[in-house]
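**Student:** Would you be able to build a 3D model of this:
(one chain, ligands or ions: 1)
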Amino acid sequence: MCGIVGYIGTKRAYPILIKGLKRLEYRGYDSAGVAMIGDNGNLNVYKTKGKVDNLTEYCSDKDVTGCVGIAHTRWATHGEPSARNAHPHYSTSRNLAIIHNGIIENYAGIKAKLQANGVTFKSDTDTEVLVQLVEYIMDKKNLSLLEAVQVALHQVIGAYAIAIVDKRDPYQIIAARKQSPLVVGIGDSEFFLGSDASPIIDYTDKVVYLEDGNIAVIRVKSPNGENEDEGLKILSILGEEQELKVKKVDIDLGQIEKGGYSHFMLKEIFEQPECLQNCMRGRINVEGDNVTLSAMIDYRQQLLGAKRIIIVACGTSWHAGLIGKQLFEQLCRIPCEVEYASEFRYRNPVVNKDDVVIAISQSGETADTLAAIQLAKEQGAFIYGICNAIGSSIPRATDTGTYIHVGPEIGVASTKAFTGQVTVLSMLALCLAKERQTISDELYHSMVKELTLIPEKMEQTLKTNEQIERLAPIFTYAKNCLYLGRGYNYPLALEGALKLKEISYIHAEGYPAAEMKHGPIALIDSEMPVFVIATRDRLYEKVISNIQEVRARGGRVTALVTEGDQQIQKFADHVITLPDTLECFQPLIASIPLQLLAYHIAVCKGKDVDRPRNLAKSVTVE
Ligand code: G6P
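**Tutor:** Numbers count the residues shown, from 1 in each chain. A predicted model of the protein is given here:
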């Protein structure tokens, strides 16, 4: 949700900023902008509506000199997407420019006060209010930029990651964070800023993740060496100097490039076998029959003492949570509830001290999930995080957790993170079940073994790609689609429908197959594609009856079936065959054709698969 980049050092800032923006475009792409203090001392701000490519085209004949700059790619909250509302925003004097990710909730009150004091505004954004407030404080109280930022941040309510430059001091960037991520990269006499480490890793692996309430003062030497206080200083909002916690980032550049695929989404779908191997590596032993999670060793008592598990998550991560619920209840006999974090945080839920709250999040930054964690923490629950982005806010806010280790996910529609989350949930459920002795040793070992076979079976499933690519054009006409599944396949039906909606803009609904007759059946006609996950499991015969109900109303059925299935072929229009596995691991396999289906339908419709309209990968506002 909005991407922030910054550079200060001895190199030209512009190419570094643009490259960084492209890496962060997954966070939002309705407008983009840069601000650089040029060689002639001017503070140049350029902004355009739309994607970063529009910005570079616009800048092609502009002064893009300067070794200090900040840049932003936006996901609109306050003010429509337009060049006017794009960041950076100037202050009235044009001495200052700011970029911001987050929401200043009390912006209207501050704006009214500033207007009453003669300040005029050029945009509809909450962000401009902040830069104007900083300038007002600087002028009124005769304070330095740092001092004015400190005062201003005491007045604002909300979430922010900000960076500000002042053309009168071209050797400094001031940045601050509260509830929105911000990383500072430390190079050789140069510094970088990013909403995550991806714009930084080309230049340095040394980073500092700002904590909530941190202000970063980043200074470099002026050419005549006048600037004595070169370096990075982290202060609290009250001005107390904080310890510099420098971390090493470990992201392989290849992981964030497309690697020959036409889209990140396709690359990420195809990476899944390898991702799941990485996810299980070091956790499942070489014999492949035993799982050990370090969290289970360190926090055995808290986890085994769980009277109830509450899963909080959003979007695709919530769907993974629904699969987790079935695993915890079936294997561990622990009651489990799955909550939308955005609802949970506002409905005064009952949370007990012996509850374990599992927060699932790919980005580790989702604002609602973070707030749900906070609430559960205040009520004394033990918090376990399942995240992908290393060092992000959620893993830092939880008591313990397990990273899914699937590598950076760039495509906005989540794919490999979903299967990584389900794999971690499966490993955790198996660990708990073994310790609680709710499954036999024999079943435990055979299940772990089967889990290790999933990457191979995924590899086999990926061979359906060509068949699905051929089928996809048939569905491009559809206005509505229905996805049906039961048991473990029901959350998958929801996930399949979400994938299609997100990237092809076709309305789709996921439904428990038997529940269809209580409503959606009324919608079925020959125009409505129905995708049924009908793998061979406990409910197989029942799902066949549900397919018959669809057929009887003229519906067109595409079924995902287990290899060797003879029955469903007879009455489905199309059949996609999957390798057999245990019922609880079926979603890991069956998610692949559903992801591919959404992908190819969206490509056929000419949609921007990796950057679907209105969406953002990391939702850091509520
Ligand atoms: C956004 C993304 C989804 C994601 C959801 C939750 O809506 O577009 O793909 O599932 O946020 O994000 P998280 O990072 O918490 O898993």
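
**Student:** C-alpha from now on. contacts and neighbour counts both.
**Tutor:** Noted.

**Student:** Could the C-alpha coordinates of the helix or strand containing Met296 be exported in PDB?
**Tutor:** Here Met296, judged by DSSP states H and E, is contained in helix 294-298. Backbone C-alpha positions of helix 294-298 (Å, rounded to 0.1, in the frame of the first residue of the first chain) are rendered in PDB as follows:
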ATOM      1  CA  SER A 294      11.600 -24.300  16.600                       C
ATOM      2  CA  ALA A 295       8.600 -22.500  17.900                       C
ATOM      3  CA  MET A 296       7.300 -25.800  19.300                       C
ATOM      4  CA  ILE A 297      10.600 -26.400  21.100                       C
ATOM      5  CA  ASP A 298      10.800 -22.800  22.500                       C
END
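
**Student:** packing partners for the lowest-mean-pLDDT helix or strand in the chain?
**Tutor:** Lowest on mean pLDDT, DSSP states H and E among the helices and strands of the chain sits helix 540-552, with a mean of 87. In terms of contacts (3 or more C-alpha pairs under 8 Å, 6 or more residues apart in numbering; DSSP states H and E), helix 540-552 is packed against strand 556-562.

**Student:** got the angle between the strand it packs on and helix 540-552?
**Tutor:** Counting by axes from the mean of the first three to the mean of the last three C-alpha atoms, to 10 degrees, strand 556-562 lies at 160 degrees to helix 540-552.

**Student:** so who does Leu210 touch?
**Tutor:** Taking C-alpha atoms under 8 Å, 6 or more residues apart in numbering as the criterion, Leu210 is in contact with 176-177, 181-184, 216.

**Student:** pLDDT for these - can I get that in TSV?
**Tutor:** TSV is the format used below for those (pLDDT from 0 to 100):
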residue	pLDDT
Ala176	97
Arg177	95
Pro181	86
Leu182	94
Val183	95
Val184	97
Ala216	97
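
**Student:** For PyMOL, what selects the buried ones among those residues?
**Tutor:** In PyMOL syntax, the buried subset of the contacts of Leu210 is picked out as below (16 or more other C-alpha atoms under 10 Å):
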select buried, resi 176+177+181+182+183+184+216
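
**Student:** Pull the most distant pair out of the contacts of Leu210.
**Tutor:** Taking C-alpha to C-alpha, the two most distant members of those are Pro181 and Ala216; they sit 12.9 Å apart.

**Student:** contact partners of the helix holding Met296?
**Tutor:** Counting by C-alpha under 8 Å, 6+ apart, helix 294-298 makes contact with 303, 400-402, 431, all of which sit outside it.

**Student:** Could you check it and say which residues are buried?
**Tutor:** Counting neighbours by 16+ other C-alpha under 10 Å, one finds that the buried residues in helix 294-298 are Met296.

**Student:** what does stretch 563-577 give?
**Tutor:** Of the residues in stretch 563-577, those buried by neighbour count under the rule 16+ other C-alpha under 10 Å are 568, 571-572, 574-577.

**Student:** So which of the residues you listed is the closest to Val5?
**Tutor:** Nearest to Val5 among those, counting by C-alpha to C-alpha, is Ile576 at 44.0 Å.

**Student:** That closest one in helix, strand or coil?
**Tutor:** In the three-state summary, Ile576 is assigned as strand, counting by DSSP: H, G, I helix; E, B strand; the rest coil.

**Student:** Check whether Tyr136 sits in a helix, strand or coil.
**Tutor:** Assigned by three-state DSSP, the conformation of Tyr136 is helix.

**Student:** same thing with Cys275?
**Tutor:** Using three-state DSSP as the criterion, the local structure at Cys275 reads helix.

**Student:** Over to Ala616?
**Tutor:** Assignment for Ala616 (three-state DSSP): coil.

**Student:** contacting residues around it?
**Tutor:** By C-alpha under 8 Å, 6+ apart, the contact set of Ala616 is 1, 26-28, 75, 412.

**Student:** Top of the residues you listed by number of neighbours, please.
**Tutor:** Neighbour counts for the contacts of Ala616, by other C-alpha atoms under 10 Å, peak at Gly28, which reaches 29 neighbours.

**Student:** show me the residues around the residue sitting furthest away from the middle of the chain that make contact.
**Tutor:** In terms of distance from the mean C-alpha position of the chain, Asn224 ranks first, at 43.6 Å (C-alpha atoms, centre = their mean). With contacts defined as C-alpha under 8 Å, 6+ apart, Asn224 is in contact with no residue.

**Student:** Now it: which helix or strand?
**Tutor:** Asn224 is part of no helix or strand when elements are defined by DSSP H and E.

**Student:** Report pLDDT for it.
**Tutor:** Asn224 carries a pLDDT score of 73 in this model.

**Student:** Next one: it from Gly66, what distance?
**Tutor:** Computed with C-alpha to C-alpha, to the nearest Å, the distance linking Asn224 and Gly66 is 16 Å.

**Student:** circling back: buried stuff in the least confident helix or strand of the chain?
**Tutor:** Of the residues in helix 540-552, those with enough neighbours to count as buried (16+ other C-alpha under 10 Å) are 540, 543-544, 546-551.

**Student:** would you list those in TSV and tack on distance to the ligand?
**Tutor:** Shown next, in TSV, are the buried residues of helix 540-552 (distance: C-alpha to the nearest ligand atom, whole Å):
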residue	distance to the ligand
Tyr540	29
Val543	28
Ile544	31
Asn546	29
Ile547	29
Gln548	33
Glu549	32
Val550	30
Arg551	32
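
**Student:** picking that back up, among the buried residues of stretch 563-577, which two are most distant?
**Tutor:** Taking C-alpha to C-alpha, the two most distant members of those are Phe571 and Thr577; they sit 14.7 Å apart.
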